[in-house]
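*Asks:* Coordinates only, no sequence provided:
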């Protein structure tokens, strides 16, 4: 155990959502959240490319997503994976849209965790064009929604509230990097 964190020997624990009605849409004061999927690829791709530098290392210090050669087809395939995960209730990715639903302002990812101490992991990014105050308002609203509305007892926010150094020392892998890289077309 490093810094109070430890990885599960059994790998990723499924999210504790039995009986929970997973929101198909949520509207806050700042943003509208909709499930990430290929139907949003045009907006998502523009946001990802514009925010590429900010997104590097979102899932950890060694994370290289989005790749330098990311194209529209690759992004669409990634969003299709997120949609399958959502439909299968394994993990949940949401686009953060403006109220007019014309611009992707970021994404939220809720993943199973391999941490002994946590029953879920969350990652969140906002578009690099947003000023710091607006980004903070959006992030605070989304984090509060996850804490208040989802059935997680202990949610980890690696890189945000838990330094990645501590996370890495504990040997806790990232679900997206571990699963997406090896499972291009899950059955």
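*Replies:* Yep, that arrived. It should be emphasised that the depicted structure is a prediction, and the values quoted were computed from it without experimental measurement.
*Asks:* Leaving out the residues flanking it, which one is nearest to residue 113?
*Replies:* residue 121 (4.5 Å; Cβ to Cβ, 6 or more residues apart in numbering). Using the backbone N, CA and C atoms, a C-beta is placed for each residue, glycine as well.
*Asks:* Who does the one you found form a beta bridge with?
*Replies:* residue 111, residue 156 (DSSP bridges).
*Asks:* before we move on, what about residue 106?
*Replies:* Counting by DSSP bridges, the residues bridging with residue 106 are residue 96, residue 126.
*Asks:* Now do it: how many residues are near it, please.
*Replies:* 25 (other Cβ atoms under 10 Å).
*Asks:* The helix ranked longest in the chain - contacts with which helices or strands?
*Replies:* Scanning the chain for the helix with the most residues, using DSSP state H, yields helix 132-149. When contacts are defined as 3 or more Cβ pairs under 8 Å, 6 or more residues apart in numbering; DSSP states H and E, helix 132-149 sits against strand 104-111, strand 120-126.
*Asks:* returning to that earlier point: could you report the distance from the residue nearest to residue 113 to residue 176?
*Replies:* According to Cβ to Cβ, to the nearest Å, residue 121 and residue 176 sit 9 Å apart.
*Asks:* do the same with residue 118
*Replies:* Distance from residue 118 to residue 176, by Cβ to Cβ: 15 Å.
*Asks:* related to what we said a few turns ago, quick one: mean pLDDT for the longest helix of the chain?
*Replies:* For helix 132-149, mean pLDDT rounds to 98.
*Asks:* How about residues contacting it?
*Replies:* 23, 26, 28-31, 33, 96, 105-106, 108, 110, 122, 124, 126-127, 130, 152, 155, 157 (Cβ atoms under 8 Å, 6 or more residues apart in numbering).
*Asks:* what residues does the host helix or strand of residue 34 touch?
*Replies:* Per DSSP states H and E, residue 34 falls inside strand 32-35. Strand 32-35 has contacts (Cβ under 8 Å, 6+ apart) with 23-27, 40, 82-83, 86, 92-99, 101, 108, 142, 145.
*Asks:* and after that strand, which helix or strand comes next?
*Replies:* Using DSSP H and E, the first helix or strand after strand 32-35 is helix 41-50.
*Asks:* and the residue most central in space within the chain, how far is that from residue 64?
*Replies:* For the chain, residue 109 is the residue whose C-alpha lies nearest the centre (Cα atoms, centre = their mean; 1.8 Å). Look at residue 109 and residue 64: by Cβ to Cβ, they are 16 Å apart.
*Asks:* Please apply the same query to residue 40.
*Replies:* Counting by Cβ to Cβ, the gap from residue 40 to residue 64 is 23 Å.
*Asks:* These two: who's more crowded?
*Replies:* More neighbours surround residue 40 than the other of residue 40 and residue 64, with 22 against 11 (other Cβ under 10 Å).
*Asks:* tell me the pLDDT at the residue nearest to that one when sequence neighbours are not counted?
*Replies:* In space, and not counting its chain neighbours, residue 40 is closest to residue 95: 5.4 Å by Cβ to Cβ, 6+ apart. Residue 95 carries a pLDDT value of 98.
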